[in-house]
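Peer 1: Show me the folded form of this:
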Amino acid sequence: MSEDTYETGMRVRREVLGDAHVDRAVARTTEFSRPFQDYITRGAWGSVWSRDGLDRKTRSCVTLAALTALHAHDELAMHVRAAVHNGLTAQEISEVLLHTAVYTGAPAANAAFAVAQRVLAELGEPAAKEEGDG
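Peer 2: Residues are numbered from 1 along each chain as shown. This is a model prediction of the structure:
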């Protein structure tokens, strides 16, 4: 028997975002937010991120571009971390954001670069250090 979409979604969600993030999200779930948590677990993670058509690295590229276009900076920060976990380098993330700038506009990409640089610096990425930061 195949795995339920919720179980698949939780497994993939944990693999991409990490247990700590998912545990925090689950702990903050209320009666009000439960339908949404169920929806993203089943829909995004159990039905889309779990498909074979694209690898996770490619899915992360698409996600970063979409979140940049939508100015979804909090979600973008989470998905920069996921993109690194899925194998994207800081250079590849930069290329995705630069490519996105052409199609979504410089303001969206500028904000996305700032979020990505902050997260990459937090992760210890040397390319994200500001000039003059020894």
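
Peer 1: Scan the chain for its longest helix.
Peer 2: Counting residues, the longest helix found in the chain (DSSP state H) is helix 106-122.

Peer 1: hang on, isn't residue 120 packed against residue 93?
Peer 2: Yes: under the criterion of CB atoms under 8 Å, residue 120 lies in contact with residue 93, with a separation of 7.2 Å. From N, CA and C alone the C-beta is placed, and that goes for glycine too.

Peer 1: can you count the residues close to residue 81?
Peer 2: Other residues near residue 81 come to 18 when the count uses other CB atoms under 10 Å.

Peer 1: whoops, I mixed them up, residue 91
Peer 2: By other CB under 10 Å, 10 other residues sit near residue 91.

Peer 1: Below-threshold pLDDT in this structure: ranges please.
Peer 2: Applying pLDDT under 70 to the chain flags residues 1-3, 132-134.

Peer 1: Could you list the domains of it?
Peer 2: The chain breaks down into these domains under the TED database: 1-51, 54-125.

Peer 1: Tell me which residues touch residue 5, please.
Peer 2: Residues counted as contacts of residue 5 (CB atoms under 8 Å, 6 or more residues apart in numbering) are 42, 46-47.

Peer 1: out of these, which are buried?
Peer 2: 42, 46 (16 or more other CB atoms under 10 Å).
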